[in-house]
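In: sequence first, then the predicted structure:
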Amino acid sequence: MDIDEALRELGVDADPGDETVRRAYLRQLKTRKPETDPEGFARLREAYETVLAIREGRAAPRTRAEPLASPVRTAESSGASETDADPEDVLERFRAEFRALPADAPPEAPVEVALRAVEALPDEEEPWRWLTSALIAGRKLPEAVAAYRAAYRQGHLVFLRELVENFPLELVDEDLLVLAREAPVHFLWSLAEQLLEMGAPVPAARCSLHALGRTEGRLPTLPLPTIWFAKLVLGLHAQSRPDLAVEVTRHCWAWLQVKVIAEDIGHPETASLWRSAEQLNALPVGFSPDLRILLANAALGDDLDSVREAYQHLLAQAPEKTREAADIVSRQTPDLSSLLGLPTRPLNESDAYWSRVLTFQLVKGLLLVVFILLPVVLTSYCSHRRTVASPSTREPPVVTEARRVAEAFCLQFPEEQRSFRCFQLHQMVDQATTKQCSRTHSEWAAVQSQLATWAAARNPRADPKVAAELERMKSHQEAFDRSLGRLCPP
């Protein structure tokens, strides 16, 4: 093919310049598709390559380009639809079309080819890969998110994982529901943690609720610190979502009561954040959204001067409504009131009476929980010790050794954790003794994760005494790990 034939094939009368030839080639490419017109596509490709070769001083192609995938029957020649062709042959045609695109083709060109490939072969993963890559390369990010979502709806769940990795802030309820059904629990916890770090408490809350629902009644694979839940609830109030904040709090407390993770609640920072979160939860439904946001941000540690300045601005804009809301804060949320620099209003006789009633009911409820749980735990533990001591049920030496190591290990814990940890460790030995190894390994892994978080929070680098205590605890932890390994090999 000479230069004149090539230009006629491209639809131009003379060589008008690089850009015009390239546009002519791309325009013709839209009608000469390799999957429907392999002959025409081959001629067009040969013409474009001939023009490029002559311009660059190279020899033009000596022979005419062969039609692509000629052994495969096309729709016109066979009377069959495109979907009747071998998928691999159709894919090869589209691969050839991608290869034929010039290096300086506009971003829309590969997108257009990928869209046709997806339409022709929606059940194949490769066309969806072409489409998402082309959209991202062309910086068409909303379209890329939609393509990821369409791909996993078509059954290619790998694209849901990639949607999470590439666009976590674009996740919607539908995506989270599929993840809750398909993804491992530890993945849900990791995603919830990532979303909150990225400043997206609403999807983080929905993700954590799915994870809590999956782990209710048994220890989670990757539990998060209690302080994380407190920050999540406050973050939801900062997004003016008190309804979701209350729901998370309710589910979180039910979960904590089942797991009895009391040591986290005892941490001063955690206790302070939970107190602020609960006070925000208790505000009336119609409470000022703007003031709620300010209070939540103040509790989360925002610059107090900026928060108070924003409060004064709010007071100037809507004085009556803001004063009414501030009055509620002064009466019901003393901790939050001090953050805004508001005076705490003295309780009148009626308020004082109801405050005493509520305090009494709260203390009564806590004592009731303690008196219900403590006898059950002690009875179970004593019963277990009597069984161990009974001559008629003498245990193998490896079990006795594991109990001795567990007892020594639990003595390393602070007083406030010791009873619960002793119960946990002996319970795991019981499970290992009865060969419930999968459950034992899962619970032990979760306990180790909790201990690592607790140890890191104590900041051993700043205090040599703390570092020595943690080193002793680590030695006992390793000994207990070996004891469990003898009963339940990994």
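Out: Done, it's in. Everything quoted here is computed from the prediction, not taken from an experiment. Numbers count the residues shown, from 1 in each chain.
In: next up, the contacts around the closest residue to Glu174 other than its chain neighbours.
Out: Computed as CB to CB, 6 or more residues apart in numbering, the closest residue to Glu174 that is not its neighbour in sequence is Arg149, at 7.9 Å. From N, CA and C alone the C-beta is placed, and that goes for glycine too. Contacts for Arg149 (CB atoms under 8 Å, 6 or more residues apart in numbering) come out as 159, 163, 174-175.
In: so of the residues you listed, which ones are in helices?
Out: 159, 163, 174-175 (DSSP state H).
In: quick one: low-confidence parts of the chain?
Out: 14-19, 34-36, 55-85, 216-223, 253-267, 342-394, 415-420, 423, 458-459 (pLDDT under 70).
In: one more time with 50
Out: For the chain, the stretches with pLDDT under 50 are 62-83, 219-222, 258-264, 346-355, 357-358, 386-393.
In: any chance of the contacts of Arg149 in a markdown table, plus neighbour count?
Out: Converted to a markdown table, these look like this (neighbours: other CB atoms under 10 Å):
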| residue | neighbour count |
| --- | --- |
| Phe159 | 22 |
| Leu163 | 22 |
| Glu174 | 10 |
| Asp175 | 22 |
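In: pull the most distant pair out of those.
Out: Farthest-apart pair in these is Phe159 and Glu174; separation 13.7 Å (CB to CB).
In: tell me the contacts of the spatially most central residue of the chain?
Out: Centroid-nearest residue in the chain, with CA atoms, centre = their mean: Leu191, separated by 1.4 Å. Leu191 makes contact with 164, 168, 179, 183, 207, according to CB under 8 Å, 6+ apart.
In: most neighbours of all those, which one?
Out: Cys207 (28 neighbours; other CB atoms under 10 Å).
In: so that one touches Leu196, yeah?
Out: No: between Cys207 and Leu196 there is no contact under CB atoms under 8 Å: 9.2 Å.
In: and which of the contacts of Arg149 is nearest to Gln239?
Out: Asp175 (18.8 Å).
In: distance check, the closest one against Arg181.
Out: Per CB to CB, to the nearest Å, Asp175 is found 11 Å from Arg181.
In: and for Asn281?
Out: 29 Å.
In: of these two, which one has the most company?
Out: Using other CB under 10 Å as the criterion, Asn281 and Arg181 rank with Asn281 on top: 16 against 9.
In: tell me what the helix or strand where Ser442 lies is packed against?
Out: Here Ser442 is covered by helix 437-457, with elements defined by DSSP states H and E. Contacts defined by 3 or more CB pairs under 8 Å, 6 or more residues apart in numbering; DSSP states H and E place helix 437-457 against helix 415-433, helix 464-487.
In: out of those, which one sits most buried?
Out: Mean neighbour count (mean count of other CB atoms under 10 Å) peaks for helix 415-433 among the helices and strands packed on helix 437-457, with a mean of 18.
In: export the helix or strand containing Ser338 as PDB, just CAs?
Out: Here Ser338 sits within helix 334-339, counting by DSSP H and E. Provided in PDB are the C-alpha atoms of helix 334-339 (Å, rounded to 0.1, in the frame of the first residue of the first chain):
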ATOM      1  CA  PRO A 334     -21.500  19.200  82.700                       C
ATOM      2  CA  ASP A 335     -18.300  17.800  81.000                       C
ATOM      3  CA  LEU A 336     -19.300  19.200  77.600                       C
ATOM      4  CA  SER A 337     -20.400  22.400  79.200                       C
ATOM      5  CA  SER A 338     -16.900  23.100  80.500                       C
ATOM      6  CA  LEU A 339     -15.400  22.400  77.100                       C
END
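In: residues in contact with it?
Out: By CB under 8 Å, 6+ apart, helix 334-339 touches 272, 275-276, 279-280, 295, 298-299, 304, 307, 329-330, 343-344.
In: in strands, which of those residues fall?
Out: In strands, judged by DSSP state E, none of these are found.
In: what's the closest of these to Asp463?
Out: Asp463 has its nearest neighbour among the contacts of helix 334-339 in Ser272, at 22.0 Å by CB to CB.
In: quick one, what contacts the closest one?
Out: Counting by CB under 8 Å, 6+ apart, Ser272 has contacts Asp335.
In: helices of the stretch 101-250 of the chain, start to end?
Out: 108-120, 125-137, 141-153, 158-166, 173-182, 185-197, 201-215, 226-238, 242-259 (DSSP state H, counting those that start in this stretch).
In: with adjacent residues omitted, what lies nearest to Cys437?
Out: In space, Cys437 is closest to Cys488, 3.7 Å off (CB to CB, 6+ apart).
In: run a quick neighbour tally on that neighbour.
Out: Cys488, neighbours per other CB under 10 Å, totals 19.
In: tell me if I'm right that Met473 and Cys410 touch.
Out: No: using CB under 8 Å, Met473 is not in contact with Cys410; the gap is 10.4 Å.
In: returning to that earlier point: including distance to Arg241, could the ones in helices among the contacts of Arg149 go into JSON lines?
Out: Conversion of the ones in helices among the contacts of Arg149 to JSON lines gives the following (distance: CB to CB, whole Å):
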{"residue": "Phe159", "distance to Arg241": "29"}
{"residue": "Leu163", "distance to Arg241": "23"}
{"residue": "Glu174", "distance to Arg241": "19"}
{"residue": "Asp175", "distance to Arg241": "19"}
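In: so which of those residues comes closest to Arg99?
Out: Using CB to CB, those come closest to Arg99 at Phe159, 24.0 Å.
In: you'd agree the closest one is up against Ala151?
Out: Yes: using CB under 8 Å, Phe159 is in contact with Ala151, at 3.8 Å.
In: now Val285, what are its backbone angles?
Out: The phi/psi pair for Val285 (degrees, to the nearest 10) reads phi -60, psi -40.
In: identify the residue spatially nearest to it, adjacent ones excluded.
Out: Pro242 (7.6 Å).
In: residues contacting that neighbour?
Out: The contact partners of Pro242, by CB under 8 Å, 6+ apart, come to 236, 280-281, 283, 285, 287, 292.
In: same thing with Phe409?
Out: Taking CB under 8 Å, 6+ apart, one finds 425, 473, 476-477, 479-480 in contact with Phe409.
In: the helix or strand encompassing it vs helix 464-487, what angle?
Out: Secondary-structure assignment from DSSP H and E places Phe409 in helix 397-410. Calculated by axes from the mean of the first three to the mean of the last three CA atoms, to 10 degrees, helix 397-410 forms an angle of 160 degrees with helix 464-487.
In: in helix 397-410, what's buried?
Out: 399, 401-403, 405-406, 409-410 (16 or more other CB atoms under 10 Å).
In: rebuild those as CSV, extending it with distance to Asp86.
Out: Listed next are those as CSV, based on distance: CB to CB, whole Å:
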residue, distance to Asp86
Val399, 63
Glu401, 65
Ala402, 61
Arg403, 66
Val405, 64
Ala406, 63
Phe409, 64
Cys410, 66
